[in-house]
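Visitor: coordinates for the following, if possible.
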Amino acid sequence: MRRTLAVGLTLLTVTALAAPTTAAPASGPRQATLTNFAFLPAETYLPGSEPSGAALGTAPINGVTPPFADQPIQGFSGLVRNSDGTFDAISDNGYGAKANSADWLLRINRIAPDFKTGAVDVVGGITLTDPNSHIPFPLTRPDRVITGADIDIESVTRGADGTYWMGDEFGPYLLHFDRAGRLMAPPVPLPGVRSPENPAGNPNLGGSKGFEGITLSPDGKTINALLEGTVAGDTPGTLRLNEFGIAGNAFTGRTWKYQLEDPGFAIGDAIAVDSNRLLIIERDNGQGADAKHKRVYLADKRDRNNDGKLDKTLVVDLLNIANPKNVGGQANPFKFPFITIEDVTILDDRTIAILNDNNFPSSSGRTPGKPDNNEFITIRLADNLHADPRVLRRR
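Guide: Numbers count the residues shown, from 1 in each chain. Sure thing, here's the model as predicted:
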C-alpha cells in the first residue's frame, strides 16, 4: 500500500507531569510504560519524486521488489520536535552503503503522528542541496542535490535560528543547513578522526561509525557529537563525545568517553537533558527474536566515580516496556526489537519519543519476511528527568 502526503497537521498532546521522584538506581530502574503507538507503513513513497533503489537489483527483499518508482520515506535517523506537534525526521544515506545509494536524495521529512488513529502522516519536507559548492569533493549529481553516495547523515539538531546541524558518518563531518535545506558552509571534519569513506584517506574509524548522535546544549552555544564506533587506539567499546563550538564553527578539543556495555554494541542517538546529562540509545545488532540489548541510558559527564567515562543509568529497557492497556493493540510487555533504533527526543520531563530506522526494505524486526514500518512510540519514564527547562521549552 502506498501512502501519499497528508495536507493537515496533527497536534500531539502530552499528559500532565507527575510530581518529581527520586532518580532510579543504575542497577535496575522501575519499568517504563508505553503511552502511544503509531506507524508509517514501510511502503510509503514521496509522490512525483525520482526513481530510487536501482543498485539493489531486482530480486524481492522482504517481499518488496526494487527498484522503486519514487523515493521511499524511510531510514529515520534523527528527530527534531516542532511546536505544532509535528516532527522533522532526517532520512539517512539510503540503502546502507555509499555504493548503492547514488539515487537516494537526502531529505528532511516533516511527520505528524496521530495517536488516536495510530497513523503517522507525512505533511511536508525538504531535500538537501549544496548550491554554493561548499562540499570540497565531487558530488554525484551536477545539480548539487546531495545523495546517499555523497554524505551519510545520521543525526540532527536545530539552532535557535531555525537552521539545522547534521552529523555525518562518511567524514565524519558536521554540516550546517539553512531552513530550506541548503548547505551554509563547508563540512567540518573531526580533527584526527577519519572514516574509510573520507577522501583524506588513512582511516582510523570503522565504516558507518561516525556521528550517530548530536545534540545542542541547553544554552545553544555548543553541540555534543557522539561517534558510533571506537577510534583506533582507544579502549574497545569506548566512544568519543566531542564538543563543537557554534560561534567558532570548530571543535573545541574537549571530549568525554562513553562506554558501551559490549564492544560489539553501538549507539543510536543522543539528546541533551541538561548541560551535563544526555539520553543515549544503545543497541546490539540483533532484530526480532535475536534482539537482546535495546536500551536508553542517562549518561552524565561529571564522572562521579572517577573512572574516566560518562556515568550511566539505565532508564528504559526497550525490550521490556509495560503496556497494561495494550496501547496500539500491542502486547504487554511491549518490545521494540529493531536492529537500528535511531531517534529519541524529550516531550516533557517524564515522557520521551522513540522511532526506529527501518532500513527499508532490508530490516524485518517486527515480522520476519516483511519490511519494518517506521514506528513512533512515546514512553512514560518511571521517574522524572529533572531536565533543564530550556530543553523542555525548545521547539
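
Visitor: low-scoring stretches of this structure, by residue?
Guide: For the chain, applying pLDDT under 70 flags the ranges 1-29, 394-395.

Visitor: may I have stretch 192-204 as PDB, with CA atoms only?
Guide: Output in PDB follows, covering the C-alpha atoms of stretch 192-204 (Å, rounded to 0.1, in the frame of the first residue of the first chain):
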ATOM      1  CA  GLY A 192      42.300  13.300  13.800                       C
ATOM      2  CA  VAL A 193      39.400  11.000  13.000                       C
ATOM      3  CA  ARG A 194      38.600   9.600   9.500                       C
ATOM      4  CA  SER A 195      36.200   7.000   8.200                       C
ATOM      5  CA  PRO A 196      37.000   4.700   5.300                       C
ATOM      6  CA  GLU A 197      34.800   6.900   3.100                       C
ATOM      7  CA  ASN A 198      36.800  10.100   3.900                       C
ATOM      8  CA  PRO A 199      38.700  11.300   0.800                       C
ATOM      9  CA  ALA A 200      41.700  12.200   3.000                       C
ATOM     10  CA  GLY A 201      42.500   8.500   3.500                       C
ATOM     11  CA  ASN A 202      44.200   6.800   6.400                       C
ATOM     12  CA  PRO A 203      41.000   5.800   8.200                       C
ATOM     13  CA  ASN A 204      41.100   5.100  12.000                       C
END
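
Visitor: neighbouring contacts of that stretch?
Guide: Contacts made with stretch 192-204 from outside it, assessed by Cβ atoms under 8 Å, 6 or more residues apart in numbering, are listed as 98, 137, 152, 169-172, 189, 205-210, 227, 231-233, 240. Quick note: C-beta positions are derived from backbone N, CA and C, even for glycine.

Visitor: out of those residues, which are buried?
Guide: With neighbours counted using 16 or more other Cβ atoms under 10 Å, these contain these buried positions: 98, 152, 169-172, 189, 205-206, 208-210, 227, 231, 240.

Visitor: and the residues you listed, which is closest to residue 47?
Guide: Distance to residue 47, by Cβ to Cβ, is smallest for residue 152 among these, at 25.4 Å.

Visitor: from residue 169, how far off is the residue nearest to that closest one when sequence neighbours are not counted?
Guide: Nearest residue to residue 152 in three dimensions, chain neighbours excluded: residue 93, at 3.7 Å (Cβ to Cβ, 6 or more residues apart in numbering). From residue 93 over to residue 169 the distance is 8 Å, taken as Cβ to Cβ, to the nearest Å.

Visitor: same thing with residue 197?
Guide: Distance from residue 197 to residue 169, by Cβ to Cβ: 8 Å.

Visitor: tell me, what's touching these two both at once?
Guide: When contacts are counted by Cβ under 8 Å, 6+ apart, residue 197 and residue 169 are jointly contacted by 152, 207.

Visitor: sorry, back to before: any residues in contact with both of residue 93 and residue 169?
Guide: Residues touching both residue 93 and residue 169 comprise residue 152, with contact defined as Cβ under 8 Å, 6+ apart.

Visitor: how many neighbouring residues does residue 284 have?
Guide: When neighbours are counted by other Cβ atoms under 10 Å, residue 284 registers 18.

Visitor: how much space between it and residue 76?
Guide: According to Cβ to Cβ, residue 284 and residue 76 sit 20 Å apart.

Visitor: hang on, residue 316 packs against residue 380?
Guide: No - applying Cβ atoms under 8 Å as the test, residue 316 and residue 380 come out as separate, 10.0 Å apart.

Visitor: who's more crowded, the two?
Guide: Neighbours per residue (other Cβ under 10 Å) separate residue 316 from residue 380, with residue 316 holding more: 26 against 20.

Visitor: what helix or strand is that one on?
Guide: Taking DSSP states H and E as the criterion, residue 316 maps to strand 311-317.

Visitor: which residues does the helix or strand following that strand contact?
Guide: Scanning forward in sequence from strand 311-317, with DSSP H and E defining helices and strands, the next element found is strand 343-348. Residues outside strand 343-348 that contact it (Cβ under 8 Å, 6+ apart): 12, 14, 17, 76-81, 87, 89, 268-271, 273, 279, 281, 296, 352-357, 378, 385, 387, 391-392.

Visitor: partner strands of the helix or strand following strand 343-348, parallel or antiparallel?
Guide: Using DSSP H and E, the next helix or strand after strand 343-348 towards the C-terminus is strand 351-355. Applying DSSP bridges to the sheet, strand 351-355 is found paired with strand 343-348 (antiparallel), strand 374-380 (antiparallel).
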